[in-house]
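**Student:** predicted model and sequence below, questions to follow.
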Amino acid sequence: MAVAVRPETAVEPIQVTMTETAPGEASGKPVANKVTIILAHGDFESVMAAMIIANASVAMEQETNIFFTFWGLFPLLRDDVRFSGGNVMQKMLFGMNRGGISHLKTSKLNFAGIGPAMFNALRRKYKVASAKEMLEIAQEMGVKLYPCQMTLDLMGFKPEHLIDGLEPPAGAAAMLGFSTGGTTLFI
Amino acid sequence: MAVAVRPETAVEPIQVTMTETAPGEASGKPVANKVTIILAHGDFESVMAAMIIANASVAMEQETNIFFTFWGLFPLLRDDVRFSGGNVMQKMLFGMNRGGISHLKTSKLNFAGIGPAMFNALRRKYKVASAKEMLEIAQEMGVKLYPCQMTLDLMGFKPEHLIDGLEPPAGAAAMLGFSTGGTTLFI
Amino acid sequence: MAVAVRPETAVEPIQVTMTETAPGEASGKPVANKVTIILAHGDFESVMAAMIIANASVAMEQETNIFFTFWGLFPLLRDDVRFSGGNVMQKMLFGMNRGGISHLKTSKLNFAGIGPAMFNALRRKYKVASAKEMLEIAQEMGVKLYPCQMTLDLMGFKPEHLIDGLEPPAGAAAMLGFSTGGTTLFI
C-alpha cells in the first residue's frame, strides 16, 4: 500500500481551472443568473464541487451564495479550533467529525486518509486549487457565505469557532428568500 | 459510551425555528416562488433538511411540493407497518431498511442508533420539531406530498402501507410538470 | 442468502415507465422548461434517478443536459475499458471504482452485488429499463451528455475510454452557462 504522494512544494502557483467562456459572454449578452448552493454534506467531493461551481459562477459576475448547513457547516470552522465548549453530545459529535476545510475526508475510498491524499496529489499535479484556496478565492471574489443558524445552535458552535468574513447566520426561510429566482443546488 | 439522552417529556411545546422575515414580506412585495423537493434519500439528515426547507417555504405562502422517491419514499410508510406482502426480494429490502418517519438513521455516525438519539436530544434541547412533527406540520400547512409510483411498484408497497393525506402517486414526468418554473432541489 | 434472481431473457421488451401527461401538454400550452442534471455520484440509485428524470424531461420535448462529474463520470466509461494508462494513483482509484454503466453498485445494501442484483430483478419484473438501456434511450432522444473536463484530467481518462456520442468535455462555467434559466439538479 505504498502510495507515492508528491510532496507539496512551497512555490507551486495556484491556478483555478475554470476559464471557459460562458454562453452570453462572447456575444456580449449579459448572463442574468444567480447561483445559491445549499451545502449540506461535509465530505471532500461535496465541498470541492460546491467551491468549483461557486467560483465559476462568481467569475461570471453572477450573484453567488453558499448556505452551509448540517455536515456542510463543519468546513467553516477554523482549522485550529479545538472546541472546548458544548455539552457531552456536542463534544462527541465534534470529536468524531473534526471541522476545518483542511480536514476533509472523501465520501468513499477514504481509507484512513489515503483517499484525500491521492486526490490532493492529483489535484496539485493538474494545478487545481485546494478546497481551502478555493474558499479564500470565493471570499475575495465576493461569494456570500452564510452559516446556518440552526446548525450552529444544535452543535453549540460560537462565532469565534468560525473563520472570518462570513455573512450573519441565516435560517432556511432567509435562504429561500435570497435564492429565489436563481439556480439553487442542494449539494 | 454512556450517552445521557434527555427523556422526551409529554408536555414539551413544539416550536419550529423558522421565523425569519423573508425578502419581500417586510416590503409588502409578494414572494413569487414555488419550491419542489425531490427526496431520494431516507436518512435522518436528508429527511430533516427536506422538512425544514419545505416548511419554511410553505410558511412563506409559496406552493410547496415534495416528491418522495427511492429511499426517500420509506419515511412515508406508517410507523407501525410490518409489510407482510411482497416477494422475497421486497421483503429482504424492507427488512434491511425499515420504513416510517420515526425510524430514521443518520447517514454517518449512526452507531446502532446513538447518532439519531444524540441528534434528537440536541434537537429537543433547542426546541426544533422532530421529523414526524414537521411532516404533520407540512400536511397541515398545505405542503403537497407525492409518493413516486415507480418506487411503490418496485417495492410492492400498497396504499394501506402509507400514511394518510398524500397526493396520488406520481411519476417523473408529472413531477417535472408541477415543479416547472420554481426552485427544484434534489435531496 | 439464496436470492432467486430471475435470469434476463434475451427477448424481453424494453419499456420506459414515464407515460404520464405533463401539465401543459393536455391543454396544448407549451412546457417552456429546460432541465440540466449535474451527476456527481456514481452509485446505482443516483445514476438511475438521473436517467429517469432526464428521459422524462426529453420525452416532454424539453432541452435536457447531463453534466457527468466526479464519481458520476465513471458510468460514461466503456463497460469493457481496462484503463491501462495513468499513473499509480489513477490506477488505484480506477481499480477500486470500476467504471461502465453496467457495473453500478448501490449506495447502501450493496452486499457484494446482491443489492444491485435484487434491484435489477425487481426492475425487470416491473418492466423498468436498465441504466444502460436508459442511457441509450437518452442518446437517441437527444439528451446532451457532457463529460467534465477536470474529472477527465484528474483521473487520466482519454476520449477512447469513453462511450461514443458524447458532447465535447465541458467545465463548471460552461455548465452554468447552458443550464441558466432552467431547472438544475445536483444528483
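**Tutor:** Received the coordinates, thanks. Residues are numbered from 1 along each chain as shown, chains lettered A, B, ... in the order given.
**Student:** list the contacts of A:Lys132.
**Tutor:** With contacts defined as C-beta atoms under 8 Å, 6 or more residues apart in numbering or on different chains, the neighbours of A:Lys132 are A:Asp79, A:Ile101, A:Ser102. To be clear about C-beta, it is placed using only N, CA and C from the backbone, and glycine gets the same treatment.
**Student:** need the residues you listed in a markdown table (columns: distance to B:Pro169, neighbour count and secondary structure).
**Tutor:** Converted to a markdown table, these look like this (distance: C-beta to C-beta, whole Å; neighbours: other C-beta atoms under 10 Å in any protein chain shown; DSSP: H, G, I helix; E, B strand; the rest coil):
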| residue | distance to B:Pro169 | neighbour count | secondary structure |
| --- | --- | --- | --- |
| A:Asp79 | 48 | 13 | coil |
| A:Ile101 | 42 | 22 | coil |
| A:Ser102 | 46 | 15 | coil |
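**Student:** wait, which of those is closest to chain B?
**Tutor:** A:Ile101 (18.0 Å; C-beta to the nearest C-beta).
**Student:** restrict the host helix or strand of A:Thr36 to CA atoms and write it as CSV.
**Tutor:** In this assignment (DSSP states H and E), A:Thr36 forms part of strand A:34-39. What follows is the C-alpha trace of strand A:34-39 in CSV, where atoms were taken according to Å, rounded to 0.1, in the frame of the first residue of the first chain:
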residue,chain,number,x,y,z
LYS,A,34,-27.9,33.9,-9.6
VAL,A,35,-26.5,30.8,-8.0
THR,A,36,-27.2,29.6,-4.5
ILE,A,37,-25.6,26.4,-3.1
ILE,A,38,-27.0,24.7,-0.1
LEU,A,39,-24.0,22.7,1.1
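**Student:** and that strand, what does it pack against?
**Tutor:** Of the remaining helices and strands, those touching strand A:34-39 by 3 or more C-beta pairs under 8 Å, 6 or more residues apart in numbering or on different chains; DSSP states H and E are helix A:44-59, strand A:63-68, helix A:172-179, strand A:183-186.
**Student:** quick check, the longest one touching chain B?
**Tutor:** No - legend: contact between helix A:44-59 and chain B by C-beta under 8 Å from any C-beta of the partner chain is lacking; minimum distance shown is 11.7 Å.
**Student:** can you give the distance of that helix from its chain's centre?
**Tutor:** Its chain's C-alpha centre lies 7 Å from the corresponding centre of helix A:44-59 when counted by C-alpha atoms, centre = their mean, to the nearest Å.
**Student:** now swap in the second one and tell me
**Tutor:** Using C-alpha atoms, centre = their mean, the mean C-alpha position of strand A:63-68 is found 10 Å from that of the whole chain.
**Student:** is the next helix or strand after that strand up against chain B anywhere?
**Tutor:** The first helix or strand that comes after strand A:63-68 along the chain, using DSSP H and E, is helix A:88-96. Yes - using C-beta under 8 Å from any C-beta as the criterion, contacts between helix A:88-96 and chain B involve A:Val88, A:Met89, A:Gln90, A:Met92, A:Leu93, A:Met96.
**Student:** among the residues you listed, which ones are buried?
**Tutor:** Burial by neighbour count, 16 or more other C-beta atoms under 10 Å in any protein chain shown: within those this picks out A:Met89, A:Gln90, A:Met92, A:Leu93.
**Student:** export those as a markdown table, with columns for pLDDT.
**Tutor:** Written out in a markdown table, the entries for those read as follows (pLDDT from 0 to 100):
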| residue | pLDDT |
| --- | --- |
| A:Met89 | 76 |
| A:Gln90 | 82 |
| A:Met92 | 73 |
| A:Leu93 | 76 |
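**Student:** tell me the one of those residues nearest A:Thr64?
**Tutor:** Top of the list for closeness to A:Thr64, among those and by C-beta to C-beta, is A:Leu93 at 29.5 Å.
**Student:** just want the most central residue of chain A.
**Tutor:** Nearest residue to the geometric centre of chain A (C-alpha atoms, centre = their mean): A:Val47, 4.3 Å.
**Student:** verify the stated contact: that residue with A:Ser102.
**Tutor:** No - shown here, A:Val47 and A:Ser102 do not form a contact pair, counting by C-beta atoms under 8 Å, at 10.9 Å.
**Student:** joint contacts of those two?
**Tutor:** Contact criterion C-beta under 8 Å, 6+ apart; residues shared by A:Val47 and A:Ser102: A:Ala131.
**Student:** do I have it right that A:Ile163 meets A:Phe74?
**Tutor:** No - counting by C-beta under 8 Å, A:Ile163 does not reach A:Phe74; the two are 11.6 Å apart.
**Student:** between those two, which one's more packed in?
**Tutor:** Neighbour tally, A:Ile163 and A:Phe74, criterion other C-beta atoms under 10 Å in any protein chain shown: the higher count belongs to A:Phe74, 23 against 19.
**Student:** pretty sure that one contacts A:Asn97?
**Tutor:** Yes - the pair A:Phe74 / A:Asn97 is scored as a contact, 6.2 Å apart, by C-beta under 8 Å.
**Student:** need the overlap of contacts for those two.
**Tutor:** Overlap of the contact sets of A:Phe74 and A:Asn97 (by C-beta under 8 Å, 6+ apart) consists of A:Gly42.
**Student:** and A:Lys105, what element?
**Tutor:** In the assignment (DSSP H and E), A:Lys105 maps to no helix and no strand.
**Student:** who are the packing partners of the lowest-mean-pLDDT helix or strand in chain A?
**Tutor:** Of all helical and strand segments in chain A, the minimum by mean pLDDT, DSSP states H and E falls on helix A:88-96, at a mean of 76. Secondary-structure packing of helix A:88-96 (3+ C-beta pairs under 8 Å, 6+ apart): helix A:149-155, helix B:114-125.
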